[in-house]
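Novice: need a 3D model of the sequence below.
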Amino acid sequence: MIQAVDIREWRTHDVVDPKGHKIGVLEAVYVDTTTDEPAVATVRTGLPTRRRLVFVPVDDALLGPGYVKIAYTRSLVRKAPSIGTDDVLPAEQEEAIFRHYGMTYQPGANGERKLARR
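Specialist: Numbering: from 1, shown residues only. So this is what the prediction gives:
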């Protein structure tokens, strides 16, 4: 398992898919609020005039020299839920991220958020 402190060190590094295709640049890490373990990351994609942050799970991420390799294809990630580069993830959009990647979404015990930016 990747530790939260480790993956934060990789901000601004390239994010690549299993075949090595560049998806974008690692922007931020969101942890699972129940475990405080890294759950998803935002990846900055798009043209300089149309940048956005897409969400991708980091559960099976591999760290390399200058890159983070994720377990999902570039095409799947680029279709993932996204926010603007200056936006905040609304709580009601969390479930869509999990659903996009075929993962089960379970909010916190008292209905609180599942993800927190670190």
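
Novice: in the protein, where's the longest strand?
Specialist: Ordering each strand of the chain by length in residues (DSSP state E) puts strand 22-32 first.

Novice: partner strands of whatever helix or strand comes next after that one, with direction?
Specialist: The helix or strand immediately downstream of strand 22-32 is strand 38-45, counting by DSSP states H and E. In the sheet, strand 38-45 lines up against strand 22-32 (antiparallel), strand 52-57 (antiparallel) (DSSP bridges).

Novice: let me have these in TSV, adding distance to I97, mean pLDDT and mean neighbour count as columns.
Specialist: (Glycine included, C-beta is placed from N, CA and C.) Formatted as TSV, those follow (distance: least, Cβ to Cβ, whole Å; pLDDT from 0 to 100; neighbours: other Cβ atoms under 10 Å):
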stretch	distance to I97	mean pLDDT	mean neighbour count
strand 22-32	9	93	20
strand 52-57	5	96	23
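
Novice: contacts for the longest strand of the chain?
Specialist: 4, 7-8, 10-17, 37-46, 53-56, 58, 68, 70, 74, 77-78, 85, 89, 114-118 (Cβ atoms under 8 Å, 6 or more residues apart in numbering).

Novice: just put the strands paired with strand 38-45 in CSV and tack on distance to G102.
Specialist: Shown next, in CSV, are these (distance: least, Cβ to Cβ, whole Å):
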stretch, distance to G102
strand 22-32, 17
strand 52-57, 10
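
Novice: for P107, which of the ones you listed is the nearest?
Specialist: strand 22-32 (11.0 Å; Cβ to Cβ).

Novice: next one: that closest one to chain centre, how far?
Specialist: Offset of strand 22-32 from its chain centre (Cα atoms, centre = their mean, to the nearest Å): 4 Å.

Novice: check contacts around the most centrally placed residue in the chain.
Specialist: The residue lying closest to the centre of the chain (Cα atoms, centre = their mean) is A41, at 2.2 Å. A41 sits next to I7, V15, L26, E27, A28, V29, Y30, F55, V56, V58, A61, V68 when contact means Cβ under 8 Å, 6+ apart.
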